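> Predicted model and sequence follow; I will ask about them next.
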Amino acid sequence: MTSDKRWQYFPTDAVPGWHTSARDGFIEIQNGRYYDETVPPDTGTQFAELNATGPSSLYQDVRTVPGSVMHWKIAHRGRRGVDVMQVRIGKPDGELAAQTPLDANGPDIADGKNGWGHYEGFYTVPEGQTVTRLAAAALSTSDGDPTRGNLVDSVSFAAGPW
């Protein structure tokens, strides 16, 4: 992203390791400076917005060892109010399972605009699965606008030890 931009759309191949389910194939990266507000990244200098040109998922496909336990972490924040997303994990060509974060009652991750929420959990790689997809999937936005909301940062997905 150039320094004079507050946010920018990038084609999937310009964001190493990440892909999107967005129909247009673009990923929105932001530096946190909007016209009327400032949103500091959770870590580093940039973060992604799931609802860029429409509701979508950002995902990574990672080589995994069957039977290994993977630890995932993510930071989430609403853009204009409370936005909702899920972490989904599974076989890339199969259905991804919604993950319930530790100490949560269900898989929906909901956060407002005043701070980053931090979530984590564990996933055991099934027998025969040598590539595993971790996806951050947008569910809803505070104002119903499908083109803005669900900010994500600080994503990790790794086998132990932790």
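Arrived safely. What you are looking at is a predicted structure, and each value in this text was computed from that prediction instead of being measured.
> Show me the strands in the protein, by range?
Secondary structure of the chain (DSSP state E): strands at 7-11, 19-20, 26-30, 47-49, 57-63, 69-77, 83-90, 97-98, 109-111, 117-124, 131-140, 151-159.
> got the angle for the lowest-mean-pLDDT helix or strand in the chain vs strand 26-30?
The helix or strand of the chain with the poorest confidence is strand 7-11; it has a mean of 91 (mean pLDDT, DSSP states H and E). Orientation of strand 7-11 against strand 26-30 (axes from the mean of the first three to the mean of the last three CA atoms, to 10 degrees) gives an angle of 150 degrees.
> distance of residue 92 from residue 80?
32 Å (CB to CB, to the nearest Å). Where you see a C-beta, it was placed from the backbone N, CA and C, and this is true even at glycine.
> can you check residue 48 too?
Taking CB to CB, one finds residue 48 at 16 Å from residue 80.
> Repeat that for residue 13.
Distance check for residue 13 against residue 80: by CB to CB, it reads 30 Å.
> Same check on residue 97?
The value you get for residue 97 to residue 80, if CB to CB is used, is 29 Å.
> And residue 12, by the same measure?
Counting by CB to CB - residue 12 and residue 80 are separated by 26 Å.
> partners of the residue nearest to residue 41 when sequence neighbours are not counted in the sheet?
Ranked by CB to CB, 6 or more residues apart in numbering and with sequence neighbours excluded, the top spatial neighbour of residue 41 is residue 47, at 4.7 Å. As for beta bridges, residue 47 partners with residue 30 under DSSP bridges.
> on that earlier part again, who has more neighbours out of residue 13 and residue 80?
Set side by side, residue 13 and residue 80 show more neighbours around residue 80, with 15 against 9, by other CB atoms under 10 Å.
> Quick check: the more buried one vs residue 159, distance?
37 Å.
> What residues does the residue nearest the centre of the chain make contact with?
Nearest to the mean C-alpha position of the chain, by CA atoms, centre = their mean, lies residue 136 at 3.5 Å. Taking CB atoms under 8 Å, 6 or more residues apart in numbering, we find residue 136 in contact with 50, 57-59, 74, 76, 85-87, 150, 152, 155.
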